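No letters, just coordinates:
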């Protein structure tokens, strides 16, 4: 009887914690699907300029031309560019090599751009969230750049 | 080691033993272990996604809290007596994942509870899991040493 009560209590606590954690904003709910399926979010840049928008589109096209990659999010700040991509499952054993090749190709093609590449799902998710927030909240250039730098910082975390 | 040839009686006994020995359902055990082990891993993957989505963990860093959570859950289940039954049913499927480690720690702790907290629980808790920790840490040290030597020589 006592054990039953303890197990019921622990299930209740776990449920409360889960429900508490799940109560997030609309942006988060929309971006959840990007973890599971292909989304290919439109590339964005901090500076609203046709030339800049052309660059991010070209970067997206270049990344997607790699047949081992199936989904990509490109975000350009003032100086940095974040490229978050998903690798096809069968090629995931060669992630390091794919990253190296891609970085070299991008740096050769787009000079004077600081690239940060990541195949991490969390970085992809954060990139999609930033893209959705930009659409909904009209972020200023500074805010956008700051949030992008936070994501880049997160991608470099080791522990 | 005893390499002496078996006597006639020993051989005859072996024959009788083989005749009456209950055969282990090897294929069934493998299939059950595969699916239960896979299910536990799937739950672990779900928890990883949970940490990635709701907290500030990346794929690289989410593995630490995931392992801790899985061990904590298996400890709870062992305490409630659920994991023991799962172990009987799935065998290696429940022992090989990290949850088996939690089970080994807590079941030894429960068993020696009557001997007191220090001499009972404290000294016997890692009786089974201690070797896992020892060999884990030691092999990690050896691998790190090899890597350091190779990278030091300019290999990576």
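Perfect, thanks for sending it. None of these values were measured; they are calculated from a predicted model.

Every contact and neighbour count from this point should use C-alpha atoms.
Will do.

Please, where are all the helices along the chain?
Because you didn't say which chain, this covers chain A. Applying DSSP state H to chain A gives helices spanning A:2-22, A:26-32, A:50-64, A:95-109, A:121-137, A:141-155.

I was thinking of chain B, sorry if that wasn't clear
Assigned by DSSP H, the helices in chain B fall at B:8-20, B:26-54, B:63-79, B:82-90, B:92-95, B:98-111, B:123-124, B:129-152.

name the helices or strands packed onto the fifth one?
Secondary-structure packing of helix B:92-95 (3 or more C-alpha pairs under 8 Å, 6 or more residues apart in numbering or on different chains; DSSP states H and E): helix B:26-54, helix B:82-90.

just to revisit the earlier point, could you dump the helices of chain B to a markdown table with distance to residue A:36 and mean neighbour count?
Shown next, in a markdown table, are those (distance: least, C-alpha to C-alpha, whole Å; neighbours: other C-alpha atoms under 10 Å in any protein chain shown):
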| stretch | distance to residue A:36 | mean neighbour count |
| --- | --- | --- |
| helix B:8-20 | 53 | 11 |
| helix B:26-54 | 10 | 16 |
| helix B:63-79 | 19 | 18 |
| helix B:82-90 | 30 | 16 |
| helix B:92-95 | 27 | 22 |
| helix B:98-111 | 25 | 20 |
| helix B:123-124 | 44 | 18 |
| helix B:129-152 | 33 | 12 |
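
for these, which one sits closest to residue A:136?
Proximity of the helices of chain B to residue A:136 was assessed by C-alpha to C-alpha; the nearest stretch is helix B:26-54, lying at 20.3 Å.

Now do the same contact list for the residue nearest the centre of chain A.
Centroid-nearest residue in chain A, with C-alpha atoms, centre = their mean: residue A:124, separated by 1.9 Å. By C-alpha atoms under 8 Å, 6 or more residues apart in numbering or on different chains, residue A:124 lies in contact with A:34, A:35, A:72, A:73, A:84, A:85, A:86, A:118.

Pop out the phi and psi values for residue B:81.
phi 80, psi 10 (degrees, to the nearest 10).

Can you give the domain ranges for chain B?
Following automatic domain parsing, one gets these domains for chain B: B:32-125, B:127-156.

Which positions in chain B make contact with chain A?
Proximity of chain B to chain A (C-alpha under 8 Å from any C-alpha of the partner chain) is limited to residues B:52, B:53, B:54, B:57, B:58, B:59, B:60, B:61, B:80.

nearest to chain B, of the contacts of residue A:124?
Chain B lies nearest to residue A:35 out of these, by C-alpha to the nearest C-alpha, at 8.6 Å.

Any idea which of the domains of chain B has the lowest pLDDT on average?
Lowest mean pLDDT of the domains of chain B: domain B:127-156, a mean of 88.

which stretch among the helices and strands packed on helix B:92-95 comes nearest residue A:8?
Using C-alpha to C-alpha, the nearest of the helices and strands packed on helix B:92-95 to residue A:8 is helix B:82-90, at 13.9 Å.

from the chain's centre, how far out does the closest one sit?
13 Å (C-alpha atoms, centre = their mean, to the nearest Å).

Packing partners of that helix?
Against helix B:82-90 (3+ C-alpha pairs under 8 Å, 6+ apart) you get helix B:26-54, helix B:63-79, helix B:92-95.

quick one: contacts of it?
Contacts of helix B:82-90 (C-alpha under 8 Å, 6+ apart): B:29, B:32, B:33, B:36, B:74, B:77, B:78, B:93, B:94, B:95, B:103.

does the last one really touch residue B:78, like I thought?
Spelled out, that is residue B:103. Yes: with contact defined as C-alpha atoms under 8 Å, residue B:103 and residue B:78 form a contacting pair (5.9 Å).

okay, now residue A:56: neighbour count?
When counting by other C-alpha atoms under 10 Å in any protein chain shown, one arrives at 21 neighbours for residue A:56.

Before I go, just wanted to say thanks for your time.
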